[in-house]
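Chemist: Fold the following for me, if possible:
(chains A and B)
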Amino acid sequence: MSEFRLPSLGADMEDATLREWFVKPGDKFKKGDIVVAVETNKGIIDVEIYDAGTIEKILVEPDTRVPVGAVLANYVSDSTRMRISPAARRRARELGIDPVNIRGTGADGAITVEDVLAAAGPAAPSAEATQAYKPESSQETRREPGREAKPSSATELEPAAGMRQAIAAAMTRANKEIPHYYLSTSIDMTAVLHWLEQHNARRPLPERLVYAVLLLKAVALALRKVPEMNGFFTNGETQVHAAAHIAVAISLRGGGLVVPALRDVQMSSLDKLMTDFSDLVNRARGGHLRASELQDATITVTSLGEQGVETVFPIIYPPQLAIVGFGSIVERVRAVDGEPRVRSTINASLAADHRASDGHRGGLFLAEIDRLLQEPEKL
Amino acid sequence: MTTTYREAMRAALRQALQEDERVFLMGEDVGRYGGCYAISQGLQQEFGETRIRDTPLSESAFVGAGIGAALGGMRPIVEVMTVNFSLLCLDQIVNTAATLRHMSGGQFSVPLVIRMTTGAGRQLAAQHSHSLECWYAHVPGLRVIAPATLEDMRGMLRLALEDPDPVIIFEHNALYNREGELTEVAVADIRRAAIRRPGKDITLICYGGNLHKTLEAATASAESGIDAEVLDLRSLRPLDDETILASVRKTRRAIIVDEGWHSGSLAAEIGMRIAEQAFYDLDAPLARVCTAEVPIPYPRHLEQAALPQVESIVGKVREVMGQNV
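Modeler: As a prediction, this is how the structure comes out:
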């Protein structure tokens, strides 16, 4: 338990009258939050707290005069060691949940698996499903010679089900918490395909590029112009990042998907991106992704073109700010210089967090991707 | 068939004596008196004095004789009145029976079965009431088993006799008078722990005389919404880690109920194995309900207070579950 005391707000200050609390017991706060207003001889001053934690108890009521140094409230600092069971810690990691924000209901107030699941939201896997989830270290059902292996009474879920649950938790949270707005535009890919054809014709097979790499680079460069698509929304705040770590949705053959990140795409050459991209896809399907690749993506790109889908309506992967979807390249009749022409086009869609940006900026972002893709040689 | 644990063991002895002429029973008062717990009542009349042998009050001598007979090709069943008395033959069991296969390079085996009563609850005071089975469970070369159900009381002896190495059967004296429905004997097993009550919230690990208390505690806990799984160890050495760990990985919580004192107990060993192998599956600290660290008292109320009871198990269950009840 920590104490929040009335700070000295000037060498000449001896006391102050507490006017208003901005927090109540149970409220979480972070470093720098304004928690209380006090009145001094210089007027009403908002007082910040320089720690992160949870308010436990308010000790001084409004309109009470207190000396400098008086304890105004008790709080539990986040830096206090967390009581969390080993199983709950692992589950929280699997679901991408920060246990700091979970209230424990176990022995001595420890956070349990049930608490983690409750925090993950109503669509999170039920306790029963979790129990059936096969732990990594569980052994094969034992078989003795001459003895039939008993069929398990509970329906055992394969490890893929764990991934399904994690996707369920993340997507439920996204749909519940993030006010999405959606935009879509059709981009002419004729220039890209033409450039790629010429570019690849001069190269041996392993060095050839795929158009997806140009899409990724275009997204990364467009973020320079509209940076508020890139970063995180956490604790009620938008954090815009300069580096574009783009997560790529890769569907797995056994079902499910992973979204590992390509780092610093805005700085990578197309050749490097191609190498990194192939490597990432191979390792995603072979199961050798690095934890860091799954943690620090600042935006996601999903492409469902292979399935012949024309337009994707994606859901943001929290706490990211946006996700860009690409459909398949389709030949469409477009007006070019006042004439109807058959052009190769792709539908680019954007789902963005309305807390961090507005449709106007989203529109600029898609338009910038379009513009960049018309000059593939500059990518 | 309705029967008692006492009758089940007697039936097991009778069957063993009938099926294999190398089998014989010896021990203090097993013959003419019919056994101090009346397990062997009537067997001497039926099988004669050479196969149901009364011995002098000398545990070291008659367990040693049993080891010799086993080495000589017989299949002796030696009854030691209580585990407290077995300390007099600890040398024969630990230094001889358990070591001969090892020290002879596999040339000799000791197919000896030793039966002992264990446990408290009948006001037999501090020299007849202790649960020292973990002392034997410590020793390589021995198999240590504890029947908790009628089926195991009826069926474990035969499986013990089939084992080429020394087997110690611990029979909790509080079970003998207990009556129940004996179903299929074939379900007895001396190698695998058994789930006696499936549950999803917490695993209660127990054996022998504490199974029924633990099952009662599980039923009582169910009333407050806790679905406890009850695991009967059956074998105290070797421990069936696989079944224990599978259960704990499912429920993520475990309490070990053990009538031994908690210091250096089987409960300690089992808890450590869980911590070693399933730490990341745990959702609460491991816990145990053991006997108070005193010589078992004679007065009934003190004796009962010293032992694991349904209420203390239920209390521990609630503690481990926290608010998840």
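Chemist: Surely residue A:284 and residue A:256 touch.
Modeler: No - Residue A:284 is not in contact with residue A:256 according to CB atoms under 8 Å; the separation is 10.7 Å. (Each C-beta comes from the backbone N, C-alpha and C, glycine too.)
Chemist: Show me which of those two is the more surrounded one.
Modeler: With neighbours defined as other CB atoms under 10 Å in any protein chain shown, residue A:284 and residue A:256 compare such that residue A:284 has more, 21 against 16.
Chemist: which ones are touching the more buried one?
Modeler: A:250, A:252, A:258, A:260 (CB atoms under 8 Å, 6 or more residues apart in numbering or on different chains).
Chemist: Now, those that are in strands?
Modeler: A:250, A:258 (DSSP state E).
Chemist: How many neighbouring residues does residue B:20 have?
Modeler: Residue B:20, neighbours per other CB under 10 Å, totals 14.
Chemist: swap that for residue B:198, sorry
Modeler: Neighbour tally, residue B:198, other CB under 10 Å: 15.
Chemist: how close does it sit to chain A?
Modeler: Residue B:198 sits 7 Å away from chain A, going by CB to the nearest CB, to the nearest Å.
Chemist: so that residue makes contact with residue B:228?
Modeler: No - at 9.5 Å, residue B:198 and residue B:228 do not qualify as touching, with contact defined as CB under 8 Å.
Chemist: shared neighbours, those two?
Modeler: With CB under 8 Å, 6+ apart as the test, residue B:198 and residue B:228 reach no residue in common.
Chemist: can you give me the strands in chain B?
Modeler: Under DSSP E, chain B gives strands at B:2-4, B:23-27, B:52-54, B:75-82, B:113-118, B:143-145, B:167-172, B:179-181, B:194-197, B:202-206, B:228-232, B:235-237, B:254-261, B:287-291.
Chemist: What is the first one packed up against?
Modeler: Other elements packing on strand B:2-4 under the criterion 3 or more CB pairs under 8 Å, 6 or more residues apart in numbering or on different chains; DSSP states H and E are strand B:179-181.
Chemist: Could you do the last one as well?
Modeler: Packed against strand B:287-291, as judged by 3+ CB pairs under 8 Å, 6+ apart, are the following elements: strand B:254-261, helix B:266-278, helix B:310-321.
Chemist: pLDDT below threshold where in the stretch 101-250 of chain A?
Modeler: A:122-162 (pLDDT under 70).
Chemist: still on that earlier bit, indicate which one of the helices and strands packed on strand B:287-291 is closest to residue A:198.
Modeler: helix B:266-278 (59.9 Å; CB to CB).
Chemist: Tell me the buried residues in the closest one?
Modeler: B:266, B:267, B:268, B:269, B:270, B:271, B:274, B:277, B:278 (16 or more other CB atoms under 10 Å in any protein chain shown).
Chemist: Intersect those residues with the contacts of chain A.
Modeler: B:277, B:278 (CB under 8 Å from any CB of the partner chain).
Chemist: what residues go with each domain of chain B?
Modeler: B:2-187, B:194-321 (automatic domain parsing).
Chemist: what packs against the longest helix along chain B?
Modeler: When chain B is parsed with DSSP state H, its longest helix is helix B:5-19. For helix B:5-19, the elements it packs on are strand B:23-27, helix B:43-47, strand B:75-82, helix B:150-162, judged by 3+ CB pairs under 8 Å, 6+ apart.
Chemist: so after the lengthiest strand in chain A, what's the next helix or strand?
Modeler: Of all the elements of type strand in chain A, the one with the most residues (DSSP E) is strand A:339-353. Downstream of strand A:339-353, the first helix or strand assigned by DSSP states H and E is helix A:359-373.
Chemist: Measure how that next one sits relative to strand A:339-353, angle-wise.
Modeler: 130 degrees (axes from the mean of the first three to the mean of the last three CA atoms, to 10 degrees).
Chemist: Now do helix A:359-373: everything it contacts.
Modeler: Helix A:359-373 is contacted from outside by A:181, A:183-185, A:187-189, A:191-192, A:214-215, A:217-219, A:221-223, A:225-226, A:228-229, A:322, A:324, A:348, A:350, A:352, A:378-379, using CB under 8 Å, 6+ apart.
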